[in-house]
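pasting the structure only:
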């Protein structure tokens, strides 16, 4: 209940102009996959490596097809598979940031 997962999924589904997401809080691999799946226009994703939990802990949406649930469940149980799938969806080699890299992050923010 105290995590931002649900809010981030909602945001990625409903903000079509969302380009950059920076996540410092705890988040599951399943949530990361859902964010990248829903946020079609995202170009930059910054996540602290130590904040990622290898889990399939999301509520299953009744509109999801069985093969999507199987893909999400299987992919979210491995860091390597999760990162490879995120890389494929973003179109570049994606890796999470170390705590030190995250602290030095200075995003270019345009409103």
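Structure's in. What do you need? Only a predicted model underlies this, so the values are computations on that prediction, with no experimental measurement involved.

worst-scoring helix or strand of this protein, pLDDT-wise?
One helix or strand of the chain scores below all others by mean pLDDT, DSSP states H and E: helix 5-14, with a mean of 90.

Only the buried residues of the helix or strand following it, if you could.
Per DSSP states H and E, helix 5-14 leads on to strand 20-23 as the next helix or strand towards the C-terminus. Neighbour-count burial for strand 20-23 flags 21, 23 (criterion: 16 or more other Cβ atoms under 10 Å). In this view, the C-beta of every residue, glycine as well, is placed from N, C-alpha and C.

and strand 20-23, what other elements does it pack with?
Here strand 20-23 touches helix 5-14, strand 44-47, going by 3 or more Cβ pairs under 8 Å, 6 or more residues apart in numbering; DSSP states H and E.

switch the cut-off to 6 Å
Judged by 3 or more Cβ pairs under 6 Å, 6 or more residues apart in numbering; DSSP states H and E, strand 20-23 is in contact with strand 44-47.
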